[in-house]
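1. The following block contains a protein sequence and its predicted model.
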Amino acid sequence: MERVERRRLCLPLYPVAVGIGILSVVILLWSELVWLAWTIRSCRSTSPLSRNTVTFAAISDIHILGRERSALDIAWTDYQTRKALWALSRFGPKLRGMVVLGDILDQLGRYPEVREEWSWFLRRYEWVMRDFAKHKDNSDDARENFVIDSVIGNHDAQFVYLGSTPWLMDWFSSDLGPLNGMKRLEDLDVELIWVNAMSLFDNTTVRTKSHEETIQFLQSLPAKPKGSRTKRILLSHVPSFRENDLDCDKDRLRERAHVTYFAPEEPLRNAFDVFNEQVSQDLLSKVSPDLMLSGHLHSQCVKSSSFLDGQELVQFMDVSVPSFSYRMRPDPGYAVVYFDKESRQFETKICKLPSEPFMIAMDIAGGIGLATAIVLIGVARWSDASKSKSKAL
């Protein structure tokens with residue numbers, strides 16, 4: 001009778017501990033994925049979508065970390081980026097294509113003497129992008145899904161400072177594609193044009209090879225006829241000229257300064273944060289885009305801008321995409337571009353991922369719960385053993 005009573009007192013600790021343990025494991029393994037899925041699914045177009053709507057996605061500034069960072073920092077950042085892209089591929093809208101707007105790497109410029117460093121970065125980049133890499137198609141006229149990731153950024157071309165390092169550009173173009181290019185989507189009558197923005201920062205009195213190649217590419221582009229139904233999307237790592245972000249969207253205006261991005265009212269530096277006014281005008285007038293997608297600033301901006309085409313002022317949609325890295329923002333983001341084939345209109349939506357502090361809090365809560373469950377099971381077993389020993393004595 002005494003043994004039955006003793007077990008009756010100790011037994012409830014076990015199911016409670018097991019229940020807490022199971023719940024904690026679920027939180028640790030699934031809470032981030034569930035929250036990611038909900039956040040991605042909830043970011044939708046503000047307008048009703050027709051059957052003729054085609055969707056693209058754009059990400060920027062992934063910043064695959066270098067060996068100067070700790071192993072934990074590298075592993076955590078790669079894992080978070082991989083998980084976010086996996087969730088976007090599973091729970092996001094059905095995408096026709098994906099563009100990556102530069103700064104794929106972060107610190108490669110620190111290792112110019114070691115070719116293997118590039119291979120190490122490239123393997124990690126391919127791992128985080130593996131859910132989209134299977135769609136990669138470099139053909140000129142692609143009807144299937146595609147990935148364009150040859151838009152080079154300043155960290156890809158030269159560490160920290162804007163400009164170009166020849167051997168870095170050679171490696172980048174060899175493994176990821178041409179630094180200047182055009183992909184025409186015949187069924188949509190849309191042209192995707194990307195440029196090596198870094199070469200446009202070269203001192204024009206010193207005509208580097210990359211600068212000459214970019215100028216030649218721009219000169220070879222056919223002029224876009226006035227009134228043409230063809231739509232052009234310009235892809236550049238560096239944004240077009242603007243003085244600050246006070247004319248950007250409301251979400252941008254609510255942001256404050258951060259370690260890796262400016263407050264909206266802070267002035268943007270010519271030929272460093274944005275193209276200078278003349279380079280911007282020359283580029284835009286030559287490409288004549290209907291939509292420009294850029295990155296570099298790690299913050300979003302959606303606005304209507306204009307450029308001079310002769311004496312005519314031409315309007316276009318100017319979109320800067322926030323960083324997709326949790327190392328660069330507490331709330332990374334991406335852009336979804338909706339294109340209606342009938343109306344020939346673009347709509348761009350900036351979507352944000354769950355904030356990292358919330359994700360970490362969920363992990364901590366799951367860890368505390370799991371530790372509590374282990375302690376409760378230990379206490380129950382210790383109590384059981386103590387009572388058995390007491391009875392024996």
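-> Good, I have the coordinates. Residues are numbered from 1 along each chain as shown.

2. Apart from its neighbours in sequence, what residue is nearest residue 176?
-> Nearest residue to residue 176, sequence neighbours excluded (CB to CB, 6 or more residues apart in numbering): residue 150, at 4.7 Å. (Glycine included, C-beta is placed from N, CA and C.)

3. Just give the number of residues close to the one you found.
-> Residues near residue 150, counting by other CB atoms under 10 Å, number 23.

4. For it, which three-state class applies?
-> Using DSSP: H, G, I helix; E, B strand; the rest coil, the three-state assignment for residue 150 comes out as coil.

5. So in terms of bridging, what pairs with residue 306?
-> Counting by DSSP bridges, residue 306 forms beta bridges with residue 315.

6. residue contacts, residue 265?
-> By CB atoms under 8 Å, 6 or more residues apart in numbering, the contact list for residue 265 reads 244, 245, 246.

7. Please, a ChimeraX command that selects the buried ones among the residues you listed?
-> In ChimeraX, this line selects whichever of the contacts of residue 265 come out buried by 16 or more other CB atoms under 10 Å:
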select :244,245
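
8. Tell me the one of the contacts of residue 265 nearest residue 352?
-> Closest approach to residue 352 among the contacts of residue 265 (CB to CB): residue 245, at 16.5 Å.

9. how near is the closest one to residue 284?
-> 19 Å (CB to CB, to the nearest Å).

10. just residue 193 next, same as before
-> Counting by CB to CB, the gap from residue 193 to residue 284 is 11 Å.

11. so residue 267 sits in a strand?
-> No. Per three-state DSSP, residue 267 lies outside any strand segment and is coil.

12. Need the nearest residue in space to it, chain neighbours excluded.
-> According to CB to CB, 6+ apart, the nearest residue to residue 267 is residue 244 (5.6 Å).

13. returning to that earlier point: overlap in contacts, residue 193 and residue 284.
-> Joint contacts of residue 193 and residue 284 (CB under 8 Å, 6+ apart) are residue 234.

14. Wait, residue 190 touches residue 234, no?
-> No. Contact criterion CB atoms under 8 Å: residue 190 and residue 234 do not qualify, at 11.9 Å.

15. ok, the residue positioned nearest the centre of the chain - contacts?
-> Using CA atoms, centre = their mean, the residue of the chain that lies closest to the mean C-alpha position is residue 324, 2.7 Å off. By CB under 8 Å, 6+ apart, the contact set of residue 324 is 59, 60, 61, 62, 81, 84, 332, 333, 334.

16. which among the residues you listed gets closest to residue 105?
-> Closest to residue 105, out of all of the contacts of residue 324 and judged by CB to CB, is residue 62, at 8.2 Å.

17. That closest one in helix, strand or coil?
-> coil.

18. on that earlier part again, who's in contact with the residue nearest to residue 176?
-> Contacts of residue 150 by CB under 8 Å, 6+ apart are 172, 173, 176, 177, 178, 179, 181, 194.

19. Now for those, which sits with the most neighbours around it?
-> Of these, with other CB under 10 Å as the count, residue 194 tops at 28 neighbours.

20. I figured that residue was touching residue 176, is that so?
-> No. Counting by CB under 8 Å, residue 194 does not reach residue 176; the two are 11.3 Å apart.

21. did I read that right, residue 183 in a strand?
-> Yes. Assessed with three-state DSSP, residue 183 lies in a strand.

22. Pairing partners for it in the sheet, please.
-> Under the criterion used (DSSP bridges), residue 183 bridges to residue 192.

23. Could you count how many residues lie near it?
-> 21.

24. Then the one 10 residues further on?
-> Using other CB under 10 Å, residue 193 has 22 neighbouring residues.

25. Name every strand pairing with the helix or strand where residue 293 lies and say which way it goes.
-> Assigned by DSSP states H and E, residue 293 belongs to strand 291-294. Using DSSP bridges, strand 291-294 pairs in its sheet with strand 231-235 (parallel), strand 312-320 (parallel).

26. Helix, strand, or coil at residue 54?
-> Residue 54 is classified as strand under three-state DSSP.

27. Report how many residues lie close to it.
-> 18.

28. list the contacts for it?
-> Contacts of residue 54 by CB under 8 Å, 6+ apart are 96, 188, 338, 339, 341.

29. So which of those residues is the closest to residue 293?
-> residue 339 (12.5 Å).

30. how about that closest one, phi and psi?
-> Taking degrees, to the nearest 10, you get phi -130, psi 120 for the backbone angles of residue 339.

31. Quick check: the gap between the residue nearest to it when sequence neighbours are not counted and residue 364.
-> Nearest non-adjacent residue to residue 339, counting by CB to CB, 6+ apart: residue 54, 4.9 Å away. Residue 54 is 41 Å from residue 364, where distance means CB to CB.

32. I'd like the contacts of residue 54 laid out as JSON lines, including secondary structure and distance to residue 260.
-> Formatted as JSON lines, those follow (DSSP: H, G, I helix; E, B strand; the rest coil; distance: CB to CB, whole Å):
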{"residue": "96", "secondary structure": "coil", "distance to residue 260": "30"}
{"residue": "188", "secondary structure": "coil", "distance to residue 260": "35"}
{"residue": "338", "secondary structure": "strand", "distance to residue 260": "28"}
{"residue": "339", "secondary structure": "strand", "distance to residue 260": "31"}
{"residue": "341", "secondary structure": "coil", "distance to residue 260": "37"}
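
33. Pick out the most distant pair among the residues you listed.
-> 188 and 338 (12.3 Å).
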